[in-house]
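**Student:** One predicted model, sequence on top.
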Amino acid sequence: MHSFINQFPWTLYGQKRTDLMAKQLADDERPLSPHLQVYRPQITSVLSITHRMTGVVLALAAVLLTYWLASGAYGPEAFARSQALMESWFGRLVLFGFTFSLYFHMCNGIRHLGWDLGWGFELVKLRATGVLVILSAFALTVFSWVMAYDHVGKW
Amino acid sequence: MNSTPHRNRQLRSKLGRVRGLGSTHEGVHHWWAQRMSAVALLPLSLWLIFSLISLTGSDYTVFHAWLSEFGNSVFLVLFLVAMFHHAQLGLQVVIEDYVHSELWKMGLLLCIKYGAVLFAASGVFAVLKISLAG
């Protein structure tokens, strides 16, 4: 059964491809990029791509922040419009997403700075800090929104 | 390059080492600027989040009073400059990694570089207009 599976066309293709990659690696001993299509998702790779995605999302948040400030510079009517936009249910949903993105990018960014200092490369630490980043991002997001609702005094 | 496989025990290619500054021709400048702006953004972002929480649901006069305070306007200008610089550096890497057509890559890089300056300038000018109007 095992050899039967190994002889399937796609398996052969995969094996050939792996052989080719191994040969390339042996030839010049330079690292190859991970091929995302054949990689099993792991906490390290998932957090890495999430870091990028939240970064792109935060660039959109930056545009909204500029709009909000510009509306404040324009005058009371424009400011009231932008406030109303963000107070709508859709506005709140978007702001909630931005809040999570910011906290995630910030927490994982600290993780990145740790690596830059040479700290936390061991697999155990890599996974532990990864879990810590996810939990902190969620906790800080919920905490901030509870604070905001508490500040307004309306639930 | 000869046809026989070369033995290169270092991670950088021979050509890269010869040229000295790597594939982007600027050495570690991009990398370093990204880290410097990231470190600056840590305290600035936390300050902004807690300011925004305390501003939730406030009207124009409260917003104006908050932004007119000297410390707030200084921190906000610093945040905008560091953040748009950081965003532009990050988006650049994303574009360079995923966009392979030279024309599209150049076009998008122009858009994000000019866009970052446009939005940063607009944001900073809005802060100055409000805070200097007193």
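**Tutor:** Perfect, I can see it now. Numbering: from 1, shown residues only, chains lettered A, B, ... in the order given.
**Student:** mind listing the helices for chain B?
**Tutor:** Secondary structure of chain B (DSSP state H): helices at B:14-19, B:29-55, B:60-68, B:70-98, B:102-132.
**Student:** One more: chain A?
**Tutor:** Taking DSSP H to define them, one finds helices in chain A at A:2-6, A:9-28, A:43-74, A:76-87, A:89-116, A:123-152.
**Student:** would JSON lines of the ones you listed with mean neighbour count and mean pLDDT be doable?
**Tutor:** Yep, even glycine has a C-beta here, placed from its N, CA and C like the rest. Shown next, in JSON lines, are the helices of chain A (neighbours: other CB atoms under 10 Å in any protein chain shown; pLDDT from 0 to 100):
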{"stretch": "helix A:2-6", "mean neighbour count": "8", "mean pLDDT": "48"}
{"stretch": "helix A:9-28", "mean neighbour count": "11", "mean pLDDT": "57"}
{"stretch": "helix A:43-74", "mean neighbour count": "18", "mean pLDDT": "96"}
{"stretch": "helix A:76-87", "mean neighbour count": "15", "mean pLDDT": "95"}
{"stretch": "helix A:89-116", "mean neighbour count": "17", "mean pLDDT": "97"}
{"stretch": "helix A:123-152", "mean neighbour count": "15", "mean pLDDT": "96"}
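**Student:** could those helices go into TSV alongside distance to chain B?
**Tutor:** Shown next, in TSV, are those (distance: least, CB to the nearest CB, whole Å):
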stretch	distance to chain B
helix A:2-6	28
helix A:9-28	4
helix A:43-74	4
helix A:76-87	4
helix A:89-116	5
helix A:123-152	4
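**Student:** Of those helices, give the one that comes closest to residue B:128.
**Tutor:** helix A:43-74 (8.7 Å; CB to CB).
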